[in-house]
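A.B. asks: Below are the sequence and a predicted model for it; my questions follow.
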Amino acid sequence: MALFFLSLVSICQSLSCLNSLGEARDYWIMLKGPTVANIPPVPGKSYIYLDDQDLGYKFAPQPLNVSSALVNTINQINADKSISFIAYK
């Protein structure tokens, strides 16, 4: 049991929140913009972003599906084949 716990801790420590530039952050918060609003760059794929380095919410310059903090954070999970599941709270 102790070996399982230690391996789980080492996996969790290797993952981190990444911003749109791929830099590690303590946390980030994203709020997706509504589809009906005409918010640049792409309606329905725009979002408001905040992380531990920014002092205020701002609209991100790129769409949600292109090199966003969400994409970068999930890509590191997809790249590590030793991770079979993720739980968060």
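C.D. replies: Sure thing, it's come through.

A.B. asks: Which secondary structure element of this structure has the lowest mean pLDDT?
C.D. replies: helix 2-14 (a mean of 48; mean pLDDT, DSSP states H and E).

A.B. asks: Sheet partners, orientation included, of the helix or strand following that helix?
C.D. replies: Per DSSP states H and E, the first helix or strand lying C-terminal to helix 2-14 is strand 17-18. Strand 17-18 pairs in its sheet with strand 24-25 (antiparallel), by DSSP bridges.

A.B. asks: which of the residues in the helix or strand following the strand it pairs with are buried?
C.D. replies: Counting by DSSP H and E, the next helix or strand C-terminal to strand 24-25 is strand 28-32. Of the residues in strand 28-32, W28 count as buried by neighbour count, 16 or more other C-beta atoms under 10 Å. C-beta: built from backbone N, CA, C; applies to glycine.

A.B. asks: now for the next helix or strand after strand 28-32, which elements pack on it?
C.D. replies: Scanning forward in sequence from strand 28-32 by DSSP H and E, the next helix or strand is strand 47-51. Judged by 3 or more C-beta pairs under 8 Å, 6 or more residues apart in numbering; DSSP states H and E, strand 47-51 is in contact with strand 28-32, strand 58-59.

A.B. asks: Which strands or helices does the shortest one pack on?
C.D. replies: In this structure, strand 58-59 makes packing contacts with strand 47-51, judged by 3+ C-beta pairs under 8 Å, 6+ apart.

A.B. asks: Likewise for the first one?
C.D. replies: Strand 28-32 sits against strand 47-51, helix 69-79, with contacts defined as 3+ C-beta pairs under 8 Å, 6+ apart.

A.B. asks: can you tell me which residues contact the residue nearest the centre of the chain?
C.D. replies: Centroid check for the chain by C-alpha atoms, centre = their mean gives L70 as the closest residue, at 3.0 Å. Residues near L70 by C-beta atoms under 8 Å, 6 or more residues apart in numbering: 30, 64.
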